[in-house]
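In: sequence first, then the predicted structure:
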Amino acid sequence: MKKKLVLMTVLLFGLGVVLTSCVTIPVKPSAANFKAPVITLESFEIPQYDGYWYYGSKTKPTKGKAGNHGAPLPMNFVFSIENPNPYPVLLEGMKFTVAFDKEFDLVTVSNQDASWIPAGKTNQVRASTLITVRSGLLSLLVTGGYKLKARGWSPWKALERWWTGVPDYTLPVTVHEGAFVFKADGLVKVLPFETTFK
Amino acid sequence: MKKGILLRLLVPFLTVFFLMGFSTIAVAEQIMIGGIMDTTGATSDVGKDYALGMAEAFKYINDHGGVNGKKIKYNWFDYGYRIPEAIIKFKMLRRLKCIAIMGWGTGDTEALSPSANKHRIPYVSGSYSAHLTDPTKTPYNLFFSSDYSTNARVCITAWFDKKWPRHRDYGKRKPRFACCYHFAHPYCSAPIRAIKDQAKLLGFEIGEDVSVALFALNTRSQISALKKFKPDLVWHGNTTMSVSATIQEAYKMALGADHIVNNWGFDENLPRLAGKAAEGVMGATPCAFFGQNYKNMDKVVAAARKYNPAVPAEKRLIRTVQAWGAALLLWEAMKRADKAGDLTGEGIMKKGFETLRNFNIGLGASPITFTSTDHRPTSGSLVQEWKNGKFREMDRVDLKKRWPEKWAKEWLGW
């Protein structure tokens, strides 16, 4: 009886050891082992294009109300996020500014969608935004006057250049002042990001 | 007997197992706060910095205990300075069950005021229009700063006290005063009645207003018009770019006047754009400039570095600090409301904001008081001057102390 009990104990212990060895021991995130994920701007897309146009509030529309309206320019930015860590990390949000002709900031995008990147894998996240000729015009008129003057451009010249050149991929689009917030078990890492899509 | 032992072991085991399982998917209580910011539109140069500062402030708040342990989920969106868009965003934030909203300009704030009041959602704005300070009309509108009218009264008073006595014509004639601003814009025109009232009170001779568009770079004709009146002091009600263009032109054409500027035209970019012409320009500042040595500024600077490492410190503006002012104010109101067991829009207002008495948020801002009958946050402001390549404190005027009767009975809400 006693022999049986000892044998059973040894067998159970052995089985436990075998099963434990089959399970990967998870690595706990720490400040020392938390490596920065690698961010790449994979693609820049204009998901819908409606040309370049603008009409002021004095123009009577065929339907709807008159107003100051300009062509929309929706933009998608697809980022690849590679997680080099042996544990998953959470992309808690990202923020970046989009500039045309390098120095004219047209929009600051904030994406607060949370996204997990598995250990050692690469995930893709998409940030979408939209500007219009009207919003671009106001931004240029009130804030970009000195820069336009330095280039000898009117706001209209700049807007037409961008609304025709950016969808055509003939003008570079700069993503700058980027901040990607990653979390792993309470640890936070904010990565700066800057690139130009040519 | 054996079954009994098995059950006795199995039941606690399964209970622990289930509890552990559920704990991993249990969602902590979150407080939903909304944000309506301008990062694409006409005010995006300053709006972007404000939006960044606001997001950083809420991250800091969450890192420091949230609202008595409850985390904040801050949902902010760009509305491009378009009022129809702001209205849509407000509706969306309501659907997200936001209990308070951080707003932006005078246009959207005044347009959304009826909705904020109807739905009892505190709307903490970047617009400091005095029209928003009378709780009988706009009970759910708030901000942390002295209002535009108070700023204007403070600035003209500071100049009258400190600069006019040193003028060669002091004691010989009345000082002459004129205003430059975009007439049709609600932000620019908001404090006009108040500043003229104050000019009259102090004994100024008031010239005709001069209209300067918010996007003006050439202001020669406006300065020519002002030269005929020969003002000693000009108040500027626009934003930084057109204010700097106007000041530059005044400098070139030797207008000979001093300049005081409303707060959205007075920031770190003004001397960068106006150069030498910015020397001696004064403005009422709702709080200190980014990085100036005041209580809590170290937190603002550290959070900016931590959460937006790609934005260099020299590009950060007083707008970041203003955003923090708004966020810290709401934080305190929410903590008080939560402690009182009423973390709702109405609770935040009645048991939070309206219990604040001389509350000091630091950052160079004046102490804040709200009562159920008066939503003017402060009765005075710090006046700073650009001098020898630095902003420096020039004066701090408290209107309530100086004119208590008028402050109490005449000046609320305009």
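Out: Received, thanks.

In: which positions in the stretch 51-200 of chain B make contact with chain A?
Out: Counting by C-beta under 8 Å from any C-beta of the partner chain, the stretch 51-200 of chain B comes close to chain A at B:A51, B:L52, B:A55, B:N75, B:W76, B:F77, B:D78, B:G80, B:Y81, B:R82. To be clear about C-beta, it is placed using only N, CA and C from the backbone, and glycine gets the same treatment.

In: out of the residues you listed, who's nearest chain A?
Out: Minimum distance to chain A across those is 4.5 Å, recorded for B:G80 (C-beta to the nearest C-beta).

In: isn't the closest one up against B:G41?
Out: Yes: between B:G80 and B:G41 there is a contact under C-beta atoms under 8 Å: 3.9 Å.

In: identify the contacts common to those two.
Out: Common contact partners of B:G80 and B:G41 (C-beta atoms under 8 Å, 6 or more residues apart in numbering or on different chains): A:S135, A:L138.

In: which residues of the chain score low on pLDDT?
Out: Here I'm looking at chain A. A:1-2, A:13-24 (pLDDT under 70).

In: try again with chain B
Out: Where chain B drops to pLDDT under 70, the residues are B:1-28.

In: how about the strands in it?
Out: Taking DSSP state E, the strands of chain B run over residues B:30-37, B:71-78, B:100-102, B:123-124, B:141-142, B:176-181, B:205-206, B:210-211, B:233-236, B:258-261, B:282-285, B:380-387, B:390-398.

In: which residues sit against the fifth one?
Out: Under the contact criterion C-beta under 8 Å, 6+ apart, strand B:141-142 has outside partners B:109, B:113, B:116-117, B:122-125, B:132-133, B:329, B:353, B:370, B:375, B:377.

In: cutoff 7 Å now
Out: By C-beta atoms under 7 Å, 6 or more residues apart in numbering or on different chains, the list of residues contacting strand B:141-142 from outside reads B:T109, B:S113, B:A116, B:P122, B:Y123, B:V124, B:S125, B:L132, B:F353, B:H375.

In: cool, the last one as well?
Out: Applying C-beta under 7 Å, 6+ apart, the contact partners of strand B:390-398 are B:154, B:157-158, B:161-162, B:282, B:289, B:379-385.

In: of the residues you listed, which is the most crowded?
Out: Among the contacts of strand B:390-398, the one with the most neighbours (other C-beta atoms under 10 Å in any protein chain shown) is B:S381, at 30 neighbours.

In: residues touching A:L191, list them.
Out: A:A36, A:I39, A:F180, A:F182.

In: beta-bridge partners for the last one, please?
Out: Judged by DSSP bridges, the bridge partners of A:F182 are A:L91, A:K189.

In: who are the contact partners of it?
Out: So A:F182 contacts A:P37, A:V89, A:L90, A:L91, A:E92, A:K189, A:L191 (C-beta under 7 Å, 6+ apart).

In: got phi/psi on the last one?
Out: By that I understand A:L191. phi -110, psi 130 (degrees, to the nearest 10).

In: need the contact list for the closest residue to A:K60 other than its chain neighbours.
Out: Leaving aside its chain neighbours, A:K60 sits nearest to A:A66 (5.9 Å; criterion: C-beta to C-beta, 6 or more residues apart in numbering or on different chains). A:A66 is in contact with A:S57, A:T59, A:K60, counting by C-beta under 7 Å, 6+ apart.

In: just B:T109 next, same as before
Out: Contacts of B:T109 by C-beta under 7 Å, 6+ apart are B:G103, B:Y123, B:S125, B:S127, B:L132, B:N141.

In: what about it, distance to chain A?
Out: 18 Å (C-beta to the nearest C-beta, to the nearest Å).

In: which residues sit against stretch B:119-129?
Out: B:50, B:94, B:99-106, B:109, B:112, B:116, B:140-143, B:145, B:147-148, B:187, B:190, B:286, B:322, B:326, B:329-330, B:345-346, B:348-349, B:353.

In: for A:W53, state which of the contacts of A:F182 is nearest.
Out: A:L91 (36.9 Å; C-beta to C-beta).

In: sorry, back to before: can I get the strands of chain B in TSV with distance to B:P312?
Out: Below are the strands of chain B laid out as TSV (distance: least, C-beta to C-beta, whole Å):
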stretch	distance to B:P312
strand B:30-37	21
strand B:71-78	22
strand B:100-102	25
strand B:123-124	28
strand B:141-142	32
strand B:176-181	32
strand B:205-206	43
strand B:210-211	36
strand B:233-236	28
strand B:258-261	25
strand B:282-285	22
strand B:380-387	21
strand B:390-398	19
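
In: which non-adjacent residue is nearest whichever residue of the stretch 301-414 of chain B sits closest to chain A?
Out: Per C-beta to the nearest C-beta, B:A310 is where the stretch 301-414 of chain B lies closest to chain A, at 3.5 Å. Nearest non-adjacent residue to B:A310, counting by C-beta to C-beta, 6+ apart: A:P192, 3.5 Å away.

In: which residues does the one you found contact?
Out: A:G178, A:A179, B:P309, B:A310.

In: is it in a helix, a strand, or coil?
Out: On the three-state scheme (DSSP: H, G, I helix; E, B strand; the rest coil), A:P192 is labelled strand.

In: what's the distance between it and A:T97?
Out: Going from A:P192 to A:T97 by C-beta to C-beta, to the nearest Å gives 12 Å.

In: list phi and psi for the residue nearest in space to the middle of chain B.
Out: The centroid of chain B falls nearest to B:G126 when counting by C-alpha atoms, centre = their mean (4.1 Å). Backbone dihedrals for B:G126, given as degrees, to the nearest 10, come out at phi -90, psi 0.

In: kindly provide the distance from the residue nearest to B:P186 when sequence neighbours are not counted to chain A.
Out: Once flanking residues are discounted, B:P186 sits nearest to B:T106: 4.5 Å by C-beta to C-beta, 6+ apart. Note on B:T106: its distance to chain A, by C-beta to the nearest C-beta, is 14 Å.

In: remind me which helix or strand the residue nearest to the spatial centre of chain A belongs to.
Out: Central residue of chain A (C-alpha atoms, centre = their mean): A:A127, 4.8 Å from the mean position. According to DSSP states H and E, A:A127 maps onto strand A:122-132.

In: for that strand, which helices and strands make contact with it?
Out: On a contact count with 3 or more C-beta pairs under 7 Å, 6 or more residues apart in numbering or on different chains; DSSP states H and E, strand A:122-132 meets strand A:72-82, strand A:104-111, strand A:115-117.
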